[in-house]
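In: Quick check, what structure comes out for this input:
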Amino acid sequence: MNTISGTIKIIGDTNTFGSSGFQKREFILTTPGDYPQEIKLEFYQNDCSKLDSFSIGDTVTTSFNIKGNEYKGKYYVNLQAWKIQAGEEKSAPSKGTKKEEQSEDLAEGVAELAAAPF
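Out: You can find the predicted model right below:
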């Protein structure tokens with residue numbers, strides 16, 4: 001089982017294809033971190049409605065399968081979502097960013113060394 005967490009950036013409409021009525025609904029998640037990625041996932045058929053209770057900006061965790069296929073000599077990969085859950089709300093950092101904390105720690109260390117009796 002594969003999972004990914006992020007913030008919903010785009011929620012597409014449900015599209016219907018062919019005479020069989022195949023349905024697909026795409027959405028984009030932006031992952032957190034220093035190098036955020038925008039990942040496209042898709043719900044198929046009856047699962048398309050699972051996105052109805054979510055909005056752009058919501059933090060979610062999605063379970064998905066990796067699907068690959070070949071068509072006319074080209075290879076494609078799709079991330080087929082099958083579950084989506086509301087994620088945890090981000091709490092405000094108590095001190096600041098990691099770089100700010102490291103700078104503060106460094107400044108305290110330098111001050112301690114300057115005050116040393118040797």
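
In: Would you state the helices of this structure in chain order?
Out: 98-114 (DSSP state H).

In: any low-confidence regions in it?
Out: Along the chain, segments meeting pLDDT under 70 span 88-118.

In: hmm, try it at 80
Out: 1, 88-118 (pLDDT under 80).

In: Could I get the buried residue list for stretch 71-87?
Out: Residues of stretch 71-87 classed as buried by neighbour count (16 or more other CB atoms under 10 Å): 78-81, 84, 87. (C-beta placed from N, C-alpha, C; glycine too.)

In: how about JSON lines for those residues, with distance to S5 added?
Out: Listed next are the buried residues of stretch 71-87 as JSON lines, based on distance: CB to CB, whole Å:
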{"residue": "N78", "distance to S5": "19"}
{"residue": "L79", "distance to S5": "14"}
{"residue": "Q80", "distance to S5": "17"}
{"residue": "A81", "distance to S5": "13"}
{"residue": "I84", "distance to S5": "11"}
{"residue": "G87", "distance to S5": "6"}
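
In: ok, so of the residues you listed, who is nearest G57?
Out: Among the buried residues of stretch 71-87, G87 lies closest to G57 (CB to CB), at 11.5 Å.

In: beta partners for the closest residue to that closest one other than its chain neighbours?
Out: Excluding the flanking residues, the one nearest G87 by CB to CB, 6 or more residues apart in numbering is T59, at 3.7 Å. Beta-bridge pairing for T59 (DSSP bridges): T7.

In: roughly how far apart are T59 and S5?
Out: For T59, the distance to S5 equals 7 Å [CB to CB, to the nearest Å].

In: next one: K40
Out: Distance, K40 to S5, by CB to CB: 15 Å.

In: And for D58?
Out: For D58 relative to S5 (CB to CB), the value is 11 Å.

In: joint contacts of the two?
Out: G87 (CB atoms under 8 Å, 6 or more residues apart in numbering).

In: Run a quick neighbour tally on L41.
Out: L41: 21 surrounding residues under other CB atoms under 10 Å.

In: list the contacts for it?
Out: By CB under 8 Å, 6+ apart, L41 lies in contact with 4, 26-29, 62, 64, 79-81.
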